[in-house]
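> Mind folding the following:
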Amino acid sequence: MKRALDVLAVGDGNLDVWMRVPRHPDRGRGGVRGTGVVGDASHIGPGGAAANVAVGMARLGARAAFVGAIGDDAPGVRFAEDMGTAGVDTSHLHVMKGKATSLACMFETPDDEYAFYVCPGSRTIPAHCLSDDFVRSARVLYVTGHVLTEDESTCAAILDAMATARGAGVTVALDPGKYWLNPALESRVHDAVRQTDIILPNQEEAGQLTGRHAPRDAAADLLEAGIRIVSVTLGSRGCLAATADRMVEQPAFRVRTGSTVGAGDAFASGLLYSFLMKESLEEMAAFANAAAAIKIGTPGASEGMPGAEEVRAFLQENV
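Next comes the predicted model:
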């Protein structure tokens, strides 16, 4: 079946403000308060894991769409314009009249220490934004766990979309995120896991989902639950990718760090793109690690997401 989209990403839509600073303020020990801390680099652009993955896939050359909720304020206008400029379909974006767009401010030191300040807007995604026809038009439906725990109506709409996708032969990918931050809806993420073909947790999230500390044990449990591909990111140690018949440990590439913000989303984009190219598990893990390594070299959340040829060239040079 010919589908109009390669990936439909569903999740938070934020306007991200990133700044590199030499240090964080030391206000508890008599630090200087006058002029604050002066940064030396900054970037403003769309953010949120699903939005970043949509941008990452578009940069790789995939046909990508994003569904999320923003306000009709200036940050929302900037978010939508930048997503469109990146080549992402926002035709089903939920724009809420009189509401504020989520704003995330990130301050990063040269040693990769972060301070986050978030002013969340409403993130409710109505069911009509995830119509059956739109969901069926994608090869992959990508969902973040955080938006599943936003509210009951959004969760129900997304779980219905996942069921529709599975029924239509659309591959369902889930990034659990810090889903446990809202315990009231945490169980719904486990419901989503049962509708998932590809899961993309980091080591902490894999452990939270399974109760297993070791990534290999966590991956084995997730495979036993019916997931086809498990990919666990391990930070500076790379990743573990697993299917029912094998596990692959792919070390991270050593690169100069510009910012680690968005590296996990670049990884997810790379793995899903490689999956759509029908590459092997080993190739998927290497491509994803390479995409993340390239992203790390560029400051900002979605800045530096590479194109497919850039990733291929990086792999050729770093074999």
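> Name all residues that make contact with Leu276.
Leu276 makes contact with Asp6, Val7, Ala62, Arg139, Val140 under the criterion Cβ atoms under 8 Å, 6 or more residues apart in numbering. For the C-beta atoms, the positions are set from N, CA and C on the backbone; glycine is no exception.
> among these, who's most crowded?
Each of the contacts of Leu276 was scored for neighbours by other Cβ atoms under 10 Å, and Val7 scores highest at 29 neighbours.
> What backbone torsions are found at that one?
Phi and psi for Val7, reported as degrees, to the nearest 10, are phi -140, psi 140.
> what do you get for the one 3 residues further on?
Torsion angles at Val10 (phi, psi; degrees, to the nearest 10) stand at phi -120, psi 130.
> pretty sure it is touching Ala127, no?
No - contact status for Val10 versus Ala127: not in contact, 11.9 Å apart, counting by Cβ atoms under 8 Å.
> which stretch of helix or strand covers Ala104?
Here Ala104 is covered by strand 102-108, with elements defined by DSSP states H and E.
> Give me the residues contacting the very next helix or strand once past that strand.
Using DSSP H and E, the helix or strand that follows strand 102-108 in sequence is strand 114-119. Residues outside strand 114-119 that contact it (Cβ under 8 Å, 6+ apart) are Asn14, His24, Ala100, Ser102, Leu103, Ala104, Cys105, Met106, Phe107, Glu108, Val261.
> Repeat the analysis, applying 10 Å as the threshold.
With Cβ atoms under 10 Å, 6 or more residues apart in numbering as the contact definition, strand 114-119 has outside contacts at 14, 16-19, 21, 24-25, 37, 75, 100-109, 259-261.
> where along the stretch 201-319 of the chain do the strands fall?
Here the stretch 201-319 of the chain has its strands, by DSSP state E, counting those that start in this stretch, at 229-233, 239-243, 246-250.
> Would you mind finding the most buried of these?
Across those, averaging neighbours per residue (mean count of other Cβ atoms under 10 Å) puts strand 229-233 on top, at a mean of 26.
> in stretch 175-189, what's buried?
Under the neighbour-count criterion of 16 or more other Cβ atoms under 10 Å, stretch 175-189 has Asp175, Pro176, Gly177, Tyr179, Trp180, Asn182, Leu185, Arg188, Val189 buried.
> Can I get those in a markdown table including pLDDT, distance to Gly56 and secondary structure?
Shown next, in a markdown table, are the buried residues of stretch 175-189 (pLDDT from 0 to 100; distance: Cβ to Cβ, whole Å; DSSP: H, G, I helix; E, B strand; the rest coil):
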| residue | pLDDT | distance to Gly56 | secondary structure |
| --- | --- | --- | --- |
| Asp175 | 95 | 12 | strand |
| Pro176 | 91 | 18 | coil |
| Gly177 | 85 | 16 | coil |
| Tyr179 | 73 | 21 | helix |
| Trp180 | 69 | 25 | helix |
| Asn182 | 75 | 26 | coil |
| Leu185 | 80 | 27 | helix |
| Arg188 | 86 | 26 | helix |
| Val189 | 87 | 23 | helix |
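> which among these gets closest to Phe253?
In terms of Cβ to Cβ, no member of these lies closer to Phe253 than Asp175, at 21.2 Å.
> The closest residue to Phe267 other than its chain neighbours: how many residues sit nearby?
Using Cβ to Cβ, 6 or more residues apart in numbering and skipping residues adjacent in sequence, the residue nearest Phe267 is Ala292, 4.1 Å away. Using other Cβ under 10 Å, Ala292 is surrounded by 29 other residues.
> Could you do the one 3 residues further on as well?
By other Cβ under 10 Å, the residues close to Lys295 number 31.
> For the nearest residue to it once chain neighbours are set aside, list the residues it contacts.
Nearest non-adjacent residue to Lys295, counting by Cβ to Cβ, 6+ apart: Ala266, 3.6 Å away. Ala266 sits next to 52-53, 55-56, 59-60, 288-296, 298, 301-302, 304-306, 311 when contact means Cβ under 10 Å, 6+ apart.
> cutoff 6 Å now
Contact analysis of Ala266 by Cβ atoms under 6 Å, 6 or more residues apart in numbering lists Gly56, Ala291, Ala292, Lys295, Met305.
> try Thr101
Contacts of Thr101 (Cβ under 6 Å, 6+ apart): Leu15, Ile70, Gly71, Asp73, Pro75, Gly76, Gly121.
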